[in-house]
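1. just to be clear, the model below is a prediction. Sequence and coordinates:
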Amino acid sequence: AQRVTQPEKLLSVFKGAPVELKCNYSYSGSPELFWYVQYSRQRLQLLLRHISRESIKGFTADLNKGETSFHLKKPFAQEEDSAMYYCALTTDGGTSYGKLTFGQGTILTVHP
Amino acid sequence: DVKVTQSSRYLVKRTGEKVFLECVQDMDHENMFWYRQDPGLGLRLIYFSYDVKMKEKGDIPEGYSVSREKKERFSLILESASTNQTSMYLCASSSSRRTGGFQPQHFGDGTRLSIL
């Protein structure tokens, strides 16, 4: 069975500092990885997905199959980045359901 | 823009009651999901549905059932509510289209359910 691990429950940085939210997964096949974000009093929303290989709000994430990781990075954190971040994985089990397995989440706080 | 609407933002029920949580999506999505969100545990899948009247168990289905009589509506039912079912419940939907990989799930605002 697949598993997603986010080792940090809480992460605090100062504005302008680099930030990295860690995500490791266990799955023997080829997963698709996502980062979702939940800002205060807002719904959970997609931030980015590895298949798109794009930068959203200055965040990037690279899938490292050798290390089974999908860390989220931003070179200069902003106060508005403060939120709960979830890493999630879905696998091709021959279906199109796209069931997600989520990590435990990391609360990022960016201090002024 | 995709809209996933959950009928209640806050709900307070008593132990032993039968509780219904409703979710409606307006994007003609085939897949719908129910999760519960607990601090330190992330989101855990309770049930999902990939078509009308079709359902599959997720990781924590015990104590829950679901109903999908229409494509746009997916209901979560707590047959006999217990205090350990106090949680935030999130509904999501997604398309089965596989162009460019799996389609992302779109979430509702959540229902914070308290069982007293």
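-> Alright, I've got the coordinates. Residues are numbered from 1 along each chain as shown, chains lettered A, B, ... in the order given.

2. report the beta-bridge partners for the residue most central in space within chain B.
-> Closest to where the C-alpha atoms of chain B average out (C-alpha atoms, centre = their mean) is B:Trp34, at 2.4 Å. Assessed by DSSP bridges, B:Trp34 has beta-bridge partners B:Tyr47, B:Cys91.

3. how about A:Glu20?
-> Bridge pairing for A:Glu20 - DSSP bridges - gives A:Lys73.

4. what residues does it make contact with?
-> Going by C-beta atoms under 8 Å, 6 or more residues apart in numbering or on different chains, A:Glu20 touches A:His71, A:Leu72, A:Lys73. The C-beta positions use only the backbone N, C-alpha and C, and glycine is treated the same way.

5. of these, which is the nearest to A:Leu47?
-> A:Leu72 (7.7 Å; C-beta to C-beta).

6. what sits against that closest one?
-> Taking C-beta under 8 Å, 6+ apart as the test, what A:Leu72 contacts is A:Glu20, A:Leu21, A:Cys23, A:Trp35, A:Leu47, A:Leu48, A:Phe59, A:Thr60, A:Ala61, A:Tyr85, A:Cys87.

7. that one and A:Leu11, how far apart?
-> Distance, A:Leu72 to A:Leu11, using C-beta to C-beta, to the nearest Å: 10 Å.

8. equivalent analysis for B:Ser94, please.
-> For B:Ser94, the distance to A:Leu11 - C-beta to C-beta - is 28 Å.

9. the more surrounded of these two?
-> B:Ser94 (26 against 17; other C-beta atoms under 10 Å in any protein chain shown).

10. that one and B:Phe74 touch, don't they?
-> No - between B:Ser94 and B:Phe74 there is no contact, the gap being 11.9 Å when judged by C-beta atoms under 8 Å.

11. between those two, which contacts overlap?
-> Shared contacts of B:Ser94 and B:Phe74 (C-beta under 8 Å, 6+ apart): B:Phe33.

12. tell me where chain B has strands.
-> Along chain B, counting by DSSP state E, strands occupy B:4-6, B:10-13, B:19-25, B:31-38, B:42-51, B:54-57, B:64-70, B:73-78, B:87-94, B:106-107, B:111-115.

13. just to revisit the earlier point, now do the shared contacts for A:Leu72 and A:Leu11.
-> By C-beta under 8 Å, 6+ apart, the residues touching both A:Leu72 and A:Leu11 are A:Leu21.

14. any stretches of the chain with poor pLDDT?
-> Chain wasn't specified; assuming chain A. A:92-96 (pLDDT under 70).

15. wait, chain B was what I had in mind.
-> If you take pLDDT under 70 as the line, chain B has these spans: B:1-2, B:99-101.

16. what does it have sitting close to chain A?
-> B:4, B:30-31, B:33, B:35, B:40-45, B:48, B:50, B:56, B:58, B:90, B:92, B:94, B:96-98, B:100-110 (C-beta under 8 Å from any C-beta of the partner chain).

17. please pick the buried ones from these.
-> Neighbour counting by 16 or more other C-beta atoms under 10 Å in any protein chain shown classes B:4, B:30-31, B:33, B:35, B:42-45, B:48, B:50, B:58, B:90, B:92, B:94, B:101-110 among the residues of chain B next to chain A as buried.

18. check contacts around the closest residue to A:Pro112 other than its chain neighbours.
-> Excluding the flanking residues, the one nearest A:Pro112 by C-beta to C-beta, 6 or more residues apart in numbering or on different chains is A:Lys15, at 5.5 Å. Applying C-beta under 8 Å, 6+ apart, we find A:Lys15 in contact with A:Ala77, A:Gln78, A:Glu79, A:Val110, A:His111, A:Pro112.
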